[in-house]
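[1] got a sequence here, can you build the structure:
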Amino acid sequence: MLVKVYGAAVFGIEATTIAVEVNIDAGIGYHLVGLPDNAVRESSYRISAALKNNNYKLPGKKIIINMAPADIRKEGAAYDLTLAVGILAASNQIKSSAIAAYMMMGELSLDGSLQSIRGALPIALKAKEDGFKYLILPKENAKEAAIVSDLEILGAENILEVIQHFNDQKKILPTQVDSKAEFYKNIDFPEFDFSDVKGQESIKRCMEIAAAGGHNIILIGPPGSGKTMLAKRLPSILPPMTLEEALETTKIHSVVGNTKNEGLLYQRPFRSPHHTISNVALVGGGQYPRPGEISLSHNGVLFLDELPEFKRDVLEVLRQPLEDREITISRAKFTVRYPCSFMLVASMNPSPSGFFNDPNAPRTSSPQEMQRYLSKISGPLLDRIDLHIEVTPVPFEKLSEEIKGASSAAIRKRVTAARELQSSRFKAFKNVHYNAQMNVKQLGEFCMLSNESKTLLKTAMEKLSLSARAYDRILKVSRTIADLAIATEISPDHIAEAIQYRSLDREGWLG
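    Residues are numbered from 1 along each chain as shown. Model (predicted):
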């Protein structure tokens, strides 16, 4: 008897429907074709044990299974449930009359329990797109997949529940999630709050500007000055994710298995990889490509602490994704694309000793040592960082104050208002949503300067020996400062504030 059941393969962050054709005939043997990898081939042992331990059996006949389309590689143990149900239906151990309305995926343990899988959300979206009415998944993945409307998600703990469901003995109840209600209920409760930070008002202002315009930022200061503390609080002042952004972010995290029992991700991601990370782990890839840290930071923040400690070749692979906001990974037989629109936040000490060239510091470094240390970061990478800010230690008087600073919620209101202005300004441009994404043409259109502002910028570039690459960055940051002030035109005050955020471009910064 021939039976067709359906599963899905995930490539990048999209899924492809896989038809599993099971034919049982006279003879002996188990033949699995359709480009399965080793984990899929080993499924026969798991299926056999799982069925036997639940009082069912693998038929002692000739079983031929084809996984179509045959030119797509099938990876992992998530096809166990699909194959097992196909075998049970083809051997008349379960009813197969309604099986075409189901897509199913799940990894089997030897006792028949179902283990969680990766990519449940992309699979659910594909099931809905292809017209399936039901999707059977391990119970751990049900909440995540239930985000998708107009598709009944059936979360099963073991294969016996699935068998009883098809045999009309005990139906699996659909998992219900009101994704909009969950999303808006949890959106305004960040884990870290800017009110916890004592002092550092000028740095907070700089972080607010970075959040409002989507600008990349680097914090330079001695140990204990609060660089990491400030960086961790940046997501709390970014505008709340839209439902579409949350769905796209959840899809990426689903592919790597980061969403078990969580459902929709409602907070912007914050990723902080260690400086020993490889370039493949950072941008994604591998023999069977998976998203890297830059894609897991999509719609959020990528924080690189101790930037000069990262390998230079690792940092250099960031240059193209920072510009294109997506990464393309090519193999001989396929290409996958991962989105990676993130804010880069980097921090570093100014020298190997950790302190500026200050005779009063506990340890100090010479200007030559500081220059050698900073030269580990290439000019092209610094060119893509809009804001450079020096972070100085907080004095005791500020640390001992009982008064709390502005909360993240208050700062976020100002940031969101500025972003709304930018969204309105760039609505005619497909790939531009905030100031940091402006190109040269848009700079000329939206960053017009008065004669007074031009004179100030010219004088600053000459007096401070600012590099040519600083010019566009200053204009973008000035536009954001004007947006925060709800100002139509860029004033000399906005230009003056933007200039002070280009520390690393100044000649003689090292003393």
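[2] residue contacts, the most centrally placed residue in the chain?
    The residue lying closest to the centre of the chain (C-alpha atoms, centre = their mean) is residue 296, at 2.5 Å. For residue 296, the contacting residues are 252-253, 256, 258, 269, 271, by C-beta atoms under 8 Å, 6 or more residues apart in numbering. C-beta coordinates here come from the backbone N, C-alpha and C atoms, glycine included.
[3] now with 10 Å?
    Residues in contact with residue 296 (C-beta atoms under 10 Å, 6 or more residues apart in numbering) are 249, 252-253, 255-256, 258, 269-271, 273, 284, 290, 302, 338, 340, 342.
[4] where does the protein have low pLDDT?
    Along the chain, the parts satisfying pLDDT under 70 run over 179-190, 261, 357-364, 396, 399, 467-469, 505-511.
[5] show me the domain layout of it.
    If you go by automatic domain parsing, the domain ranges for the chain are 2-166, 185-505.
[6] list the buried residues for the helix ranked longest in the chain?
    For the chain, the helix with the greatest residue count under DSSP state H is helix 408-425. Using 16 or more other C-beta atoms under 10 Å as the burial criterion, the residues of helix 408-425 that qualify are 408, 411-412, 414-415, 418-419, 421-422, 425.
[7] which strands and helices lie in contact with that helix?
    helix 201-213, helix 440-446, helix 470-484 (3 or more C-beta pairs under 10 Å, 6 or more residues apart in numbering; DSSP states H and E).
[8] residue 60 is nearest to which of the ones you listed?
    Of all those, the one in closest proximity to residue 60, counting by C-beta to C-beta, is helix 201-213 (64.8 Å).
[9] how about the helices in the stretch 151-300 of the chain?
    159-166, 179-186, 201-213, 227-232, 243-255, 279-283, 293-296 (DSSP state H, counting those that start in this stretch).
[10] nearest to residue 315 among those helices would be which one?
    Closest among the helices of the stretch 151-300 of the chain, once you apply C-beta to C-beta, is helix 279-283, at 8.8 Å.
[11] hang on, the earlier thing: orientation of the longest helix of the chain relative to helix 470-484 in degrees?
    110 degrees (axes from the mean of the first three to the mean of the last three C-alpha atoms, to 10 degrees).
[12] please compute how far helix 408-425 lies from its chain's middle.
    Centroid displacement of helix 408-425 relative to its chain, using C-alpha atoms, centre = their mean, to the nearest Å, is 22 Å.
[13] and the gap between the residue nearest to the centre of the chain and residue 256?
    Computed as C-beta to C-beta, to the nearest Å, the residue 296 to residue 256 distance reads 7 Å.
[14] residue 49 too?
    Distance from residue 49 to residue 256, by C-beta to C-beta: 28 Å.
[15] next: residue 436.
    From residue 436 to residue 256 the distance is 27 Å (C-beta to C-beta).
[16] just to revisit the earlier point, between all of the contacts of residue 296, which two are separated the most?
    270 and 290 (19.5 Å).
[17] about what we covered before: pick the most buried one from the helices of the stretch 151-300 of the chain.
    The highest average neighbour count among the helices of the stretch 151-300 of the chain, using mean count of other C-beta atoms under 10 Å, belongs to helix 293-296 at a mean of 25.
[18] can I get that helix in CSV, CA atoms only?
    Only the C-alpha atoms of helix 293-296 are listed here, as CSV (Å, rounded to 0.1, in the frame of the first residue of the first chain):
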residue,chain,number,x,y,z
GLU,A,293,25.6,36.1,15.6
ILE,A,294,24.9,39.0,13.2
SER,A,295,21.6,37.4,12.1
LEU,A,296,20.6,36.4,15.6
